[in-house]
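# The sequence isn't on hand, but the structure is:
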C-alpha cells in the first residue's frame, strides 16, 4: 500500500488565498487556517466554491485553531469548521485549541463538541489540548 501525504494549503489572511493558489494545489489537501478568526469571518462560498470549481480537489483534513473551550465562541467556531468539512466531503477535522487547564467546564464543552462531530460523522483530532500542569 502506498502512503500519501497531504499537501497543506495554509490560509493566513483570508480565503482569497485559495483563488491565488488553486492551480498549484495538489491532492490530497489539508486546508489549514492559521487563526480561527479567518474561519469565523470568512464567507462559506469564498472557501468552498474555488475548491469545488477545481473538480479533482480532494480535501482530506480541515485544520484550525480554536478559542479556549470555555469561551462562548468555541462551539460556534467548531460547528462552522464541521460544516465546512462536511461540505468538502472531508471526514477529519484537526483542532488546535490554546493550551488550557482541564476542568469540568472544559470537559463539558469538549463533550458538546464531540457530540456535534458525531452528528456530522466527522472525526475530531485534538492537538496541543492541555497544559502539562
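Received it, and whenever you're ready, just let me know what you need. Keep in mind that this is a model prediction, so the values were computed, not measured.
# contacts and neighbour counts: CA atoms only from here.
OK.
# where along the protein do the strands fall?
Per DSSP state E, the chain carries strands over the ranges 7-11, 29-33, 59-65, 92-96, 123-126.
# Tell me which of these approaches residue 77 most closely.
For those, the distance to residue 77 is smallest for strand 59-65, at 9.2 Å, taking C-alpha to C-alpha.
# what's the closest one packed up against?
strand 29-33, helix 36-41, helix 73-87, strand 92-96 (3 or more C-alpha pairs under 8 Å, 6 or more residues apart in numbering; DSSP states H and E).
# quick one: which of those is nearest residue 103?
helix 73-87 (15.4 Å).
# Determine how far the closest one lies from the middle of the whole chain.
7 Å (C-alpha atoms, centre = their mean, to the nearest Å).
# pretty sure residue 66 contacts residue 36?
Yes: with contacts counted by C-alpha atoms under 8 Å, residue 66 reaches residue 36, the gap being 5.3 Å.
# Could you name every residue contacting both of those two?
Shared contacts of residue 66 and residue 36 (C-alpha atoms under 8 Å, 6 or more residues apart in numbering): residue 77.
# returning to what we had before: reformat the strands of the chain as JSON lines; add distance to residue 47.
Shown next, in JSON lines, are these (distance: least, C-alpha to C-alpha, whole Å):
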{"stretch": "strand 7-11", "distance to residue 47": "10"}
{"stretch": "strand 29-33", "distance to residue 47": "10"}
{"stretch": "strand 59-65", "distance to residue 47": "12"}
{"stretch": "strand 92-96", "distance to residue 47": "16"}
{"stretch": "strand 123-126", "distance to residue 47": "20"}
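# Select, out of those strands, the one closest to residue 18.
strand 7-11 (7.6 Å).
# starting at the chain centroid, how far to that closest one?
The answer for strand 7-11 is 11 Å, by C-alpha atoms, centre = their mean.
# Give me the angle between it and strand 29-33.
20 degrees (axes from the mean of the first three to the mean of the last three C-alpha atoms, to 10 degrees).
# Strand 7-11 pairs with which strands?
strand 29-33 (parallel) (DSSP bridges).
# And the contacts of the strand it pairs with?
So strand 29-33 is in contact with 6-12, 39, 57-65, going by C-alpha under 8 Å, 6+ apart.
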